[in-house]
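In: Predicted model and sequence follow; I will ask about them next.
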Amino acid sequence: MATVDRSPTEGSGKSVPAGARRTTLAAVAHLAGVSIATVSKVVNGRSDVAPETRSRVQELLRRHDYVAPVDRRTEAAARPTVEVQFAGDLKPYVAEALGGIVDAATELGVSVAISQPARGPRWARDLVSMGRRALIAVTSVYTPAYLDALMQAGLPLVVLDPLHLPHSEVNSVGPTNFAGGFAATQHLLGLGHRRIAYLGGPAIAAANQARVHGYRAAMEARGTPVPDAYIRSGEFTFQTGVLGAAVLLDLPSPPTAVFAGNDEIALGVVETARTRGLRVPQDLSVVGFDDTLLARVASPPLTTVRQPLREMGGVALRTALRLADGEKLESHHVELATELVVRASTAPV
């Protein structure tokens, strides 16, 4: 914003008081030789100001780039703000989901504030006092204390891809994990693989459980036995893929294909195969889950199950706004369809 501590205004015979840092009503009133109330009337379009005085004040307002201060309360009411929290690093999965939230917010004229999960006894009330209308938690493990704090503050919650089974009181948005796991395994079975292993994330994670169930259902439907050693859990990380693949490939009857719980794990599997001189997909087929940027730039590009991450983010934002407006939802949990994307990391056995 332009300042007014400069040379005297031409024709006014006065200058802005020394030390002024920005254009204020008082500064313009001083230059115009009128009261602050008169300048305020001109700014607000009141009619009870003499035409000559109005013209003089308007010219000074224009000349000194006066901008009316923003009423933050009015601005917050006109442009609601939704808080988005995620824990840990900003991984490609989280980044794409956040992109969907931001895209929807831009379309709807909503502000988004992104943060790590807060701590302290008043964290939820503090969000309300800052004007937040709702909270979206990305892959959050919510606790009874967490839910209680939000309930007491009256702040609606939407969990995007919850890590454990949705609570009946928690609104959530996720993908069709079971269907995705089923499709990935069916694809490998269709290529002739029978020794197919699953290497996933935390055993307690709802998404991981659903993907395992989809994998098992496809194997059982084909009448293919699943050795206990073929199912391993870890974290949704590259390192889990590296270490888990080493264990699987050391088995007396190692798998010819691995269905990984996400793209990061899949890339870890590919890396372990590479260090052992195995070729993907000629010697080992690998399927991921998510279809993040990692899958598309991998070498070879990953066959993976696409989660509609950006669409999920948009649905989460719209759901949060509906809750903030007091609407009653048709369902506490919404699932968006997954889709198998076949690339170069899978081949016939």
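Out: Yep, it's here.

In: how about the helices in the stretch 1-150 of the chain?
Out: For the stretch 1-150 of the chain, the helices defined by DSSP state H, counting those that start in this stretch occupy 25-32, 36-43, 51-63, 72-78, 92-108, 123-129, 144-153.

In: got a markdown table for those, with mean pLDDT too?
Out: Below are these laid out as a markdown table (pLDDT from 0 to 100):
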| stretch | mean pLDDT |
| --- | --- |
| helix 25-32 | 88 |
| helix 36-43 | 87 |
| helix 51-63 | 90 |
| helix 72-78 | 52 |
| helix 92-108 | 94 |
| helix 123-129 | 92 |
| helix 144-153 | 88 |
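
In: Most tightly packed of these?
Out: helix 25-32 (a mean of 21; mean count of other Cβ atoms under 10 Å). Using the backbone N, CA and C atoms, a C-beta is placed for each residue, glycine as well.

In: tilt between that helix and helix 51-63?
Out: 120 degrees (axes from the mean of the first three to the mean of the last three Cα atoms, to 10 degrees).

In: So which elements touch helix 25-32?
Out: helix 36-43, helix 51-63 (3 or more Cβ pairs under 8 Å, 6 or more residues apart in numbering; DSSP states H and E).

In: and the shortest one, how far from the chain's centre?
Out: Its chain's C-alpha centre and that of helix 36-43 lie 45 Å apart, by Cα atoms, centre = their mean, to the nearest Å.

In: same thing with stretch 317-334?
Out: On Cα atoms, centre = their mean, the centre of stretch 317-334 falls 17 Å from the chain's centre.

In: List of residues touching it?
Out: 80, 82, 100-101, 104-105, 108, 110, 112, 133-136, 156, 158, 166, 168-174, 315 (Cβ atoms under 8 Å, 6 or more residues apart in numbering).

In: Likewise for stretch 147-159?
Out: Residues from elsewhere that reach stretch 147-159 (Cβ under 8 Å, 6+ apart): 123-125, 127-128, 132-137, 139-140, 142, 166-167, 169-173, 316, 319-320, 323-324.

In: Ok, stretch 282-289 next?
Out: 180-181, 184, 187-188, 191, 193, 211, 249, 255-263, 265-267, 269-270, 273, 278, 280, 295, 302-305, 307, 345-347, 349.

In: What's the ChimeraX line that selects buried ones from the contacts of stretch 147-159?
Out: Buried residues within the contacts of stretch 147-159, by 16 or more other Cβ atoms under 10 Å, are selected in ChimeraX with:
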select :124,125,127,128,132,133,134,135,136,137,139,140,142,166,170,171,172,173,316,319,320,323,324
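
In: Filter the contacts of stretch 147-159 down to the ones in strands?
Out: Counting by DSSP state E, the part of the contacts of stretch 147-159 found in strands is R132, R133, A134, L135, I136, A137, N171, S172, V173.

In: JSON lines for those residues, including pLDDT and distance to Y66?
Out: Converted to JSON lines, the ones in strands among the contacts of stretch 147-159 look like this (pLDDT from 0 to 100; distance: Cβ to Cβ, whole Å):
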{"residue": "R132", "pLDDT": "94", "distance to Y66": "32"}
{"residue": "R133", "pLDDT": "95", "distance to Y66": "32"}
{"residue": "A134", "pLDDT": "96", "distance to Y66": "36"}
{"residue": "L135", "pLDDT": "96", "distance to Y66": "38"}
{"residue": "I136", "pLDDT": "96", "distance to Y66": "38"}
{"residue": "A137", "pLDDT": "94", "distance to Y66": "43"}
{"residue": "N171", "pLDDT": "93", "distance to Y66": "45"}
{"residue": "S172", "pLDDT": "93", "distance to Y66": "48"}
{"residue": "V173", "pLDDT": "95", "distance to Y66": "46"}
